[in-house]
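got a predicted structure here, sequence first:
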Number of protein chains: 2
Amino acid sequence: MKNELILLKLGGSLITDKLKPFTLREDVLKRLCTEIRDARQEKNMALIIGHGGGSFPHTSATKYQTQKGYVNKDSKKGLSVVCNDAAKLNRLVVEELISAGENAISVQPSACCITNKGKITDWSLNNIKKTIKDGYIPVPYGDAVLDKSNGCCIVSTEEILGYLSKELGAKRIILAGKVDGVLDSKGNLIDEINHKNFKEVKKHIHGSDAADVTGGMITKVEEMLSLANNGIESIIINGLKPGLVKNALLGKKVRGTVIRK
Amino acid sequence: MKNELILLKLGGSLITDKLKPFTLREDVLKRLCTEIRDARQEKNMALIIGHGGGSFPHTSATKYQTQKGYVNKDSKKGLSVVCNDAAKLNRLVVEELISAGENAISVQPSACCITNKGKITDWSLNNIKKTIKDGYIPVPYGDAVLDKSNGCCIVSTEEILGYLSKELGAKRIILAGKVDGVLDSKGNLIDEINHKNFKEVKKHIHGSDAADVTGGMITKVEEMLSLANNGIESIIINGLKPGLVKNALLGKKVRGTVIRK
């Protein structure tokens, strides 16, 4: 039987200190990598791990307004700098996964894909398919990339994992952040979001806790809801709570917000 | 007029201390990046800069015999480790190019290409073409990649630059190492190697000064000689001598070994 392919996102604000530039939350990352390894030792699964940029590319992406495209004479320098900053965190994540015993391999989005208005249009997937087939864990990440309409843009981890899940036929995405899931205005967890309740729920969704160049929680939910139409179920969980990522990978019921059709 | 596209290799043993693992020759790299920027300020040119891995992936590539493919149960771990080690040096090179004022963007070969017996067979070049067109400097590097026949292999910077020069129609490759060019058994510089004199010259070529998982000087010359059939001229120069890389980029006559048809 072919192993299930699961896509896991480690949020940028989960694995870095969003308020201190280039500051890894080493203890959190280390524990998460251990949970991933433990889950894979318990059960065969194919995995793609994407991660956000957090405080690594955050300062430069904001400074150069990379999300808006080529807006001034520094925009191209900006793209180079943001790509470099994003890749620095990727090195640390891959290094930690390898230390935990996983055969992780970086996947640099800016070398692989082109977007149009922030949506991935070109990505030859021969490499990533072979990487998964051979048992490795590909590790893409939120990155600055070339954009057909705007020159450049930020491609979010959600966009990347969404694209890959559709193209590779994955059915499950786990988004690990630093909150319990999607919270309403009173701070209560919303257990499930679907097309039926989204309109109502949207009014009460609490925004992202920090400025985020790729949009806050609502954008994430909308992206996941659009994927739900392709039969892809997502769950947003709290990666700060030990055991949740492991249990979610194993398909166990965990506290979080499920987004399904 | 379209700018000339030049491919420049910075040798691994030029920019790292081959005898000390993970040791950058920071002063050399810094000067070379300045020369590159100065040359580009003097004359418009499109540029791809590839670099070898030197002492960064050398230890792991040797330990895991990555060049030989999947040879034992540790080979897949080996591929992950070597890719990670090679990417570490790439970060430093791109960082230094950006510091010098160049808009450099990494190109991770293990995310982009697949080889068959060490020769690149699959590489979708949309990204790198757009990167060059928009005025950036793509920076690929010698890396460990997936191989159709052997599972994995090391793809050398020469193989990468050779492939790109053919596919992108470049006519000039500059290989900067830490010797004056190809030396004969007496240590004298061979000014030119072509198909006519190669057989004779080969007998006297002095090997690489250090163990090299991608083959020594003879392999490099053979690769360049094969490219010469496609009208691509290469020159091997000494990157330790200040000014040579700059002058070579500007098309000036410099001391070195020219390899042409």
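Sure thing, it's come through.

now A:Asp143, nearest residue through space, not along the chain?
In space, not counting the residues next to it along the chain, A:Asp143 is nearest to A:Pro109; the distance is 4.0 Å by Cβ to Cβ, 6 or more residues apart in numbering or on different chains. Glycine gets a C-beta too; all of them are placed from N, C-alpha and C.

surely the one you found and A:Ile160 touch.
Yes. Between A:Pro109 and A:Ile160 there is a contact at 6.1 Å, judged by Cβ atoms under 8 Å.

so where do the helices sit in the stretch 51-200 of chain A?
Remark: helices of the stretch 51-200 of chain A, listed N- to C-terminal, are A:58-64, A:75-99, A:109-112, A:126-133, A:157-168, A:198-202; assignment by DSSP state H, counting those that start in this stretch.

quick one: the fourth one near chain B?
Yes. Using Cβ under 8 Å from any Cβ of the partner chain, we find that helix A:126-133 touches chain B at A:126-128, A:130-131.

next: the fifth one.
No. Helix A:157-168 lies apart from chain B when judged by Cβ under 8 Å from any Cβ; the minimum separation is 12.3 Å.

what average pLDDT does that helix get?
Predicted confidence along helix A:157-168 averages 96 (mean pLDDT).

can you name every helix or strand that that helix contacts?
Packed against helix A:157-168, as judged by 3 or more Cβ pairs under 8 Å, 6 or more residues apart in numbering or on different chains; DSSP states H and E, are the following elements: strand A:5-10, strand A:46-51, strand A:113-116, strand A:119-123, helix A:126-133, strand A:172-177, helix A:217-228.

what residues does chain A have near chain B?
Applying the criterion Cβ under 8 Å from any Cβ, the portion of chain A that neighbours chain B consists of A:76-77, A:79-81, A:83-84, A:87-88, A:91, A:94-95, A:98, A:102-108, A:110-114, A:122, A:124, A:126-128, A:130-131, A:134-136, A:146, A:151.

pLDDT weak spots in the stretch 151-261 of chain A?
A:206-215 (pLDDT under 70).

point me to the residue of it nearest chain B.
Checking the stretch 151-261 of chain A residue by residue against chain B with Cβ to the nearest Cβ singles out A:Gly151 as nearest, at 7.3 Å.

just give me the neighbour total for that residue.
Other residues near A:Gly151 come to 16 when the count uses other Cβ atoms under 10 Å in any protein chain shown.

show the contacting residues for the closest residue to it other than its chain neighbours.
By the measure of Cβ to Cβ, 6+ apart, the closest residue to A:Gly151 outside its immediate chain neighbours is A:Tyr70, 3.2 Å from it. Under the criterion of Cβ atoms under 8 Å, 6 or more residues apart in numbering or on different chains, the neighbours of A:Tyr70 are A:76, A:150-152.

counting only strands, which of those make the cut?
Judged by DSSP state E, strands contain the following of the contacts of A:Tyr70: A:151-152.

and the contacts of A:Tyr70, which two are the farthest apart?
A:Lys76 and A:Asn150 (12.6 Å; Cβ to Cβ).

for chain B, give me its nearest residue in chain A.
Distances between chain A and chain B by Cβ to the nearest Cβ are smallest at A:Ser124, namely 3.5 Å.

check contacts around that residue.
Residues in contact with A:Ser124, defined by Cβ under 8 Å, 6+ apart, are A:112, B:122, B:124, B:126.

for A:Ile95, which non-adjacent residue is spatially closest?
Rather than Ile, residue A:95 is Glu. Residue nearest to A:Glu95 in three dimensions, not counting chain neighbours: B:Asn84, with 6.1 Å by Cβ to Cβ, 6+ apart.

surely that neighbour touches A:Leu92?
No. With contact taken as Cβ under 8 Å, B:Asn84 and A:Leu92 are classed as non-touching, separated by 10.3 Å.

between those two, which has more neighbouring residues?
Set side by side, B:Asn84 and A:Leu92 give different neighbour counts by other Cβ under 10 Å, the larger being at B:Asn84 (23 against 17).

need the contact list for the more buried one.
The contact partners of B:Asn84, taken as Cβ under 8 Å, 6+ apart, are A:91, A:94-95, A:98, A:104, A:106.

from one end of stretch A:188-205 to the other, what's the distance?
As for stretch A:188-205, its first-to-last residue distance stands at 10 Å under the measure Cα to Cα, to the nearest Å.

so which residues make contact with that stretch?
Taking contacts as Cβ under 8 Å, 6+ apart, the residues outside stretch A:188-205 that touch it are A:180-186, A:217-218, A:221, A:224-225, A:228, A:255-261.

just those: which are in strands?
With strands taken from DSSP E, the overlap with the contacts of stretch A:188-205 comprises A:257-259.

between those residues, which has the most around it?
The most crowded member of the ones in strands among the contacts of stretch A:188-205 is A:Ile259, carrying 29 neighbours; neighbours defined as other Cβ under 10 Å.

so that one sits against A:Ile235, correct?
Yes. Using Cβ under 8 Å as the test, A:Ile259 is close enough to A:Ile235 to be in contact (7.2 Å).

A:Leu92 contacts A:Leu24, correct?
Yes. Assessed by Cβ under 8 Å, A:Leu92 is found in contact with A:Leu24 at 5.5 Å.

does A:Leu146 touch A:Thr115 like I think?
Yes. Contact status for A:Leu146 versus A:Thr115: in contact at 7.4 Å, counting by Cβ under 8 Å.

most neighbours among the contacts of B:Asn84, which one?
For the contacts of B:Asn84, neighbours were counted using other Cβ under 10 Å, and A:Ala104 has the most, 28 neighbours in all.

what sits opposite it in the beta ladder?
Residues found in beta-bridge contact with A:Ala104 (criterion: DSSP bridges) are A:Ile137.

per-residue confidence at it?
In this model, A:Ala104 is scored at 98, pLDDT.

likewise for the one 4 residues further on?
The confidence metric pLDDT takes the value 98 at A:Gln108.
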